[in-house]
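# Give me coordinates for this.
(one chain, ligands or ions: 1)
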Amino acid sequence: LIKKGYVFHSDTDTEVLLNFIEDIQKNNNCPLEEAVRIALKRIVGAYVIVLIDNENPETLIAARKGSPLVIGIGKNEHFLASDASPIIEYTKEVVYVNDYEIAIIKPDELILKNLGNERQTPFITKLDMELAAIEKGGYDHFMLKEIFEQPQTIFDCLRGRLDADAGTITMSGIEKYADEIIAANRIVMVACGTSWHAGLVAEYIFEELCRINVEVEYASEFRYRNPVINKGDVIIAISQSGETADTLVAIENAKQKGAIILGVVNVVGSSIARASHAGAYTHAGPEIGVASTKAFTAQLAVLTMIALKIGYKKGTLNHDRYLQLLKELDAIPDKVASILQSTEAIQAIAEKYKDAPSSLFLGRGYNFPVALEGALKLKEISYIHAEGYPAAEMKHGPIALVDESLPVVFIATRDSFHEKVISNMQEIKARKGKIIAVINEGDEQSLSLADDVMVVPEADEIMAPMLSVIPMQLWAYYTGLAKGLDVDKPRNLAKSVTVE
Ligand code: F6R
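As a prediction, the model looks like this:
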């Protein structure tokens, strides 16, 4: 293009594509739609494009591959976005454009074609979402609203599935593949960020209850490192948005190699949900705050239900323990509500430590991923450096950081690792680190060691992360608030990472 005299004003591939399309249109003397089709057959990579021809401004040409595109159908108008939430204000009817489709959009007409110029029938989906779900509803920030929604969102996630009295869990998508999951040599959880942390908790739960080998993979690593995938391997893709590019490509690669793909996804109709063989939605409602909160606890609720169902069916989880765990799970929404009843203590701790330049988050067992999640939340929202670590691993390096200025957060609820966590706390205390601990009521050992505590109700250790993560979310929120930062839109972050 440069040889032909095109001048580029940026280093973006968008500009290259635009000029490429223009060049094709000029050479072939064809309409824009035709030029787009020719261009898209020749380019590689992921994209969403929307173009307007100066000569024909009433028509938009849009196309996607790899990245999401949703078209809202209004009355003599159409709306384009990367997911449905910004559209809901205007219409509840949407069309999810598929890869390699071109949409020709006029105010009163939507035509879909494939790259072979054949018409496709647009499949109209009715959105089951209310406008209120994407408004702040009296809260200062979406993040705070979403943290406070958790008793309800976890309840919604369990509703219609968990019947603790009858001793049943109904999940039709999972039931369809239950035999394959039981027979699988291994389950691979594939996800990014907070969803990856949910996968780590699930690894512990599945191995305990189902006795199936589980691996948890960062989607971005998994997709590029030529992993060994055998026919019958079960991949569980975990994603709030359902549009994370790395997770999407990772499952598409695994699918081609014969793996069964189950999606644990929040956004209904999203790309990952559609690319999965089956799965279970998390039903947490739209998550607008960039930092993931309610999606995480809903993911844990869904993954716990899957593990309970499979473990019981497989026989690795006995009847009494199964029934006990169903009751425990049923009680989680109320326990989350009780943490949220008074948040002043957490706010005071956030204000006390808001100027610390760095912090360490430690946990063991089921609470180790909560330590990672606590550190991630604090980093994202308050820009304070934070490191999450398995508590016992700190002796192998991070303990060198500890002095009287370093806040060290212990996720120390009573579980089978508790005594060990207490001795890790003693090691920090001996080095004069400041200890902040997430504990259960009446934990005298932790109280005697910690400078500050955040108290959560007791629960079976398998479910404890759904409770111990709540103070971590609130702490990050109040720290960001105390520092005057934009907690809903932290710098440099996007809600859906649709590029690799
Ligand atoms: C953290 C956060 C991110 C996401 C990650 C995966 O608060 O929001 O780390 O968890 O980008 O996104 P999803 O779950 O949409 O695939």
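
# Thought E58 was touching I105, still the case?
No. I105 is beyond contact range of E58, at 9.6 Å (criterion: Cβ atoms under 8 Å). In this view, the C-beta of every residue, glycine as well, is placed from N, C-alpha and C.

# who has more neighbours, the two?
Set side by side, I105 and E58 show more neighbours around I105, with 22 against 10, by other Cβ atoms under 10 Å.

# Does anything pack onto the helix or strand where that one lies? Which helices or strands?
Taking DSSP states H and E as the definition, I105 sits inside strand 101-106. Strand 101-106 sits against helix 32-42, strand 56-65, strand 109-114, with contacts defined as 3 or more Cβ pairs under 8 Å, 6 or more residues apart in numbering; DSSP states H and E.

# Swap in 6 Å and give it another go.
strand 56-65, strand 109-114 (3 or more Cβ pairs under 6 Å, 6 or more residues apart in numbering; DSSP states H and E).

# Count the neighbours of whichever residue of the stretch 151-300 of the chain sits closest to the ligand for me.
Proximity of the stretch 151-300 of the chain to the ligand (Cβ to the nearest ligand atom) peaks at G193, 1.8 Å away. Using other Cβ under 10 Å, G193 is surrounded by 22 other residues.

# repeat for R274
13.

# element containing it, please.
Applying DSSP H and E, one finds R274 within helix 271-275.

# Is the ligand within reach of that helix?
No. On the criterion Cβ under 6 Å from any ligand atom, helix 271-275 is out of touch with the ligand, staying 7.4 Å away.

# repeat for stretch 220-229
No. Legend: contact between stretch 220-229 and the ligand by Cβ under 6 Å from any ligand atom is lacking; minimum distance shown is 10.3 Å.

# who touches that stretch?
Contacting residues not belonging to stretch 220-229 are listed as V190, D246, V249, A250, N253, A254, K257, A259 [Cβ atoms under 6 Å, 6 or more residues apart in numbering].

# tell me the mean pLDDT for the helix or strand where the first one lies?
Using DSSP H and E, the secondary-structure element containing V190 is strand 186-191. The average pLDDT for strand 186-191 rounds to 97.

# chain center to it: distance?
For strand 186-191, the separation from the chain centroid amounts to 14 Å (computed by Cα atoms, centre = their mean, to the nearest Å).

# swap in stretch 25-39?
39 Å.

# Flag every buried residue along that stretch.
Q25, P31, L32, E33, E34, A35, V36, R37, I38, A39 (16 or more other Cβ atoms under 10 Å).

# which element is the first one on?
Put plainly, it is Q25. helix 13-28.

# Which residues does that helix contact?
Defining contact as Cβ under 6 Å, 6+ apart, one finds that helix 13-28 is touched by L1, Y6, F8, A35, V36, I38, A39.

# and of those, the nearest to V94?
Closest approach to V94 among the contacts of helix 13-28 (Cβ to Cβ): V36, at 21.8 Å.

# Can you name the next helix or strand after the helix or strand H197 falls within?
Assessed by DSSP H and E, H197 sits inside helix 193-210. Along the chain past helix 193-210, the next helix or strand (assigned with DSSP H and E) turns out to be strand 213-218.

# What are the buried residues along that following strand?
By neighbour count on 16+ other Cβ under 10 Å, the buried set for strand 213-218 is V214, V216, E217, Y218.

# Go back to those residues and keep what's next to the ligand.
Counting by Cβ under 6 Å from any ligand atom, nothing from the buried residues of strand 213-218 sits close to the ligand.

# Make a markdown table from those residues and add distance to I181 to it.
Listed next are the buried residues of strand 213-218 as a markdown table, based on distance: Cβ to Cβ, whole Å:
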| residue | distance to I181 |
| --- | --- |
| V214 | 11 |
| V216 | 16 |
| E217 | 17 |
| Y218 | 22 |
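
# Near the ligand, which residues of the chain? Just list them.
Near the ligand, when you scan the chain using Cβ under 6 Å from any ligand atom, you find 192-195, 239-241, 244, 247, 291-292, 376, 380, 496-497.

# before we move on, the earlier item: of the helices and strands packed on strand 101-106, which is nearest G484?
Closest to G484 of the helices and strands packed on strand 101-106, according to Cβ to Cβ: strand 56-65, at 38.1 Å.

# quick one on the thing from earlier: chain center to the helix holding R274, what's the gap?
Relative to the centre of its chain, helix 271-275 is centred 14 Å away, using Cα atoms, centre = their mean.

# That one: which residues count as buried?
In helix 271-275, counting by 16+ other Cβ under 10 Å, buried: S271, I272, A273, A275.

# same check, this time on stretch 308-327
So, applying 16+ other Cβ under 10 Å, buried residues of stretch 308-327: L308, K309, I310, G311, Y312, K313, K314, T316, L317, Y322, L325, L326.

# Same check on stretch 45-54?
Within stretch 45-54, the residues that count as buried by 16+ other Cβ under 10 Å are Y47, V48, I49, L51, D53.

# pLDDT (mean, whole number) over that stretch?
91.

# all strands for the stretch 51-200 of the chain, in order.
Remark: strands assigned in the stretch 51-200 of the chain by DSSP state E, counting those that start in this stretch are 56-65, 70-73, 78-81, 93-96, 101-106, 109-114, 119-120, 124-126, 162-163, 168-169, 186-191.

# which residues sit against the second one?
With contact meaning Cβ under 6 Å, 6+ apart, strand 70-73 is reached by H78, F79, L80, A81, A84, I87, Y90, T91, E93, V94, V95, Y96.
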